[in-house]
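A.B. asks: pasting the sequence and the predicted coordinates here, then a few questions.
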Amino acid sequence: MLTTETTEFSTRVAVFSKPDDVHELADILAEELDLHPTDAMHEAHSVPCVLTPRLTSANAERITTAIEQMGLRTEPIPLDELRAFDDLRTVHHVACRLSGLEILDLVGLPAELIPWDDLEVLSVGETPAESSHHQQTGQFTVISTARHIQDISTDVPTHTIELWIVCRAPERVYRLDASKLNFESLAEQKTNSMHINLRLLLQGIVRHAPHAHLTPAAREFLDHDKLTRFTSPEQLLNVTQLHLLMAHRLGVASI
């Protein structure tokens, strides 16, 4: 169980592998993190990822030990290593240029140019559409509304596709929501499908930045046109954070 020490809650826990028994992991998370069983199960199903709760370093070390007893690679992560996600930048119009990925403003004028070498992680996933969630300072909250009984059988939630781009020097994160993205830069390739358009955009980005680390979901979308559905943007956030950590580890190992 969590202790009541007054140390700053400045640590999260990354789980780098998938459990054989998700229910066992959920039980550990419910007990060790004081989570409701439903919330614990959502966290367990999200693994591998960076777990959502912010902890003291002592609690993080203890929980890491408990999870590792399941045979999962786990590591406490200082919040400073994930600080870029606190200033998440949502953009609506980008274009692939020879010199980098250009961010355009709402009237289509150049606002920022990201050198291709700065791209570090590309993450893709299908998430609930904007009508069912809202964003607050880089963190996501899923909001559901009550429905009349007669509406339940016909109420089908809508989804969108998100592309997250994590860059370095300095580290920053861009979020592209396909349902609100301007695809004019695709020119004659542009279609009426946000799915096809986002995949075309991703293909263009990868051609210019083949060094970028792609999450498994991004690779599936790029290579096999298969989308991974996430229960919330926060789940996609946690997975993206894990792959940034993995990219960092790989970068250090290659030096």
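C.D. replies: Now that the structure is in, tell me what you want to look at.

A.B. asks: state the number of residues packed around the closest residue to S10 other than its chain neighbours.
C.D. replies: Distances taken as C-beta to C-beta, 6 or more residues apart in numbering place L79 nearest to S10, at 5.1 Å, with adjacent residues excluded. Placement of C-beta: from N, CA and C, glycine included. Close neighbours of L79, defined as other C-beta atoms under 10 Å, add up to 15.

A.B. asks: hey, where'd the strands end up in this protein?
C.D. replies: For the chain, the strands defined by DSSP state E occupy 11-15, 49-50, 74-78, 89-91, 94-96, 100-104, 110-115, 119-128, 133-136, 139-142, 159-167, 172-177, 213-214.

A.B. asks: poorly predicted segments of the stretch 101-250 of the chain, please.
C.D. replies: In the prediction, the stretch 101-250 of the chain carries residues with pLDDT under 70 at positions 131-157.

A.B. asks: that older thread, thinking the residue nearest to S10 is in contact with R54, fair?
C.D. replies: Yes. At 6.9 Å, L79 and R54 qualify as touching, with contact defined as C-beta atoms under 8 Å.

A.B. asks: quick check: neighbours shared by the two?
C.D. replies: Shared between the contact lists of L79 and R54 (criterion: C-beta atoms under 8 Å, 6 or more residues apart in numbering) are residues S10, T11, R12.

A.B. asks: please report the distance of the second one from L122.
C.D. replies: Between T11 and L122 the computed distance is 27 Å (C-beta to C-beta, to the nearest Å).

A.B. asks: how about the first one?
C.D. replies: Using C-beta to C-beta, we find S10 at a distance of 28 Å from L122.

A.B. asks: out of those two, which sits in the busier spot?
C.D. replies: L122 (24 against 14).

A.B. asks: please name the bridge partners of the more buried one.
C.D. replies: On the basis of DSSP bridges, L122 takes part in beta bridges with I165, L214.

A.B. asks: show me what contacts it?
C.D. replies: In this structure, L122 makes contact with 163-166, 202, 205-206, 209, 212-215, 218, judged by C-beta under 8 Å, 6+ apart.

A.B. asks: go again using 10 Å as the cut-off
C.D. replies: For L122, the set of contacting residues under the criterion of C-beta atoms under 10 Å, 6 or more residues apart in numbering consists of 163-166, 202, 205-206, 209, 212-215, 217-219, 221-222, 240, 243.

A.B. asks: what's the PyMOL line that selects buried ones from those residues?
C.D. replies: Taking 16 or more other C-beta atoms under 10 Å as the burial criterion, the selection of buried members of the contacts of L122 in PyMOL is written as:
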select buried, resi 163+164+165+166+202+205+206+209+212+213+214+215+217+218+221+222+240+243
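
A.B. asks: what does stretch 70-77 contact?
C.D. replies: When contacts are defined by C-beta under 10 Å, 6+ apart, stretch 70-77 is touched by residues 10-21, 24-25, 28, 47-48, 50-51, 55-68, 241-242, 245, 249.

A.B. asks: PyMOL command to pick out the buried ones of those residues?
C.D. replies: Buried members of those, identified by 16+ other C-beta under 10 Å, are gathered into one PyMOL selection as follows:
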select buried, resi 11+12+13+14+15+16+19+25+28+47+48+50+51+55+56+59+60+62+63+64+67+241+242+245
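
A.B. asks: who's in contact with stretch 26-35?
C.D. replies: 1-2, 13, 15, 19, 21, 36-45, 47, 51-53, 55, 59, 62-67, 69-70, 72.

A.B. asks: quick check: mean pLDDT across that stretch?
C.D. replies: Stretch 26-35 shows an average pLDDT of 95 in the prediction.

A.B. asks: got the buried residues for it?
C.D. replies: By 16+ other C-beta under 10 Å, the buried positions in stretch 26-35 come out as A26, I28, L29, A30, E32, L33, L35.

A.B. asks: same check on stretch 35-44?
C.D. replies: Buried residues in stretch 35-44, defined by neighbour count with 16+ other C-beta under 10 Å: L35, D39, A40, M41, H42, E43, A44.
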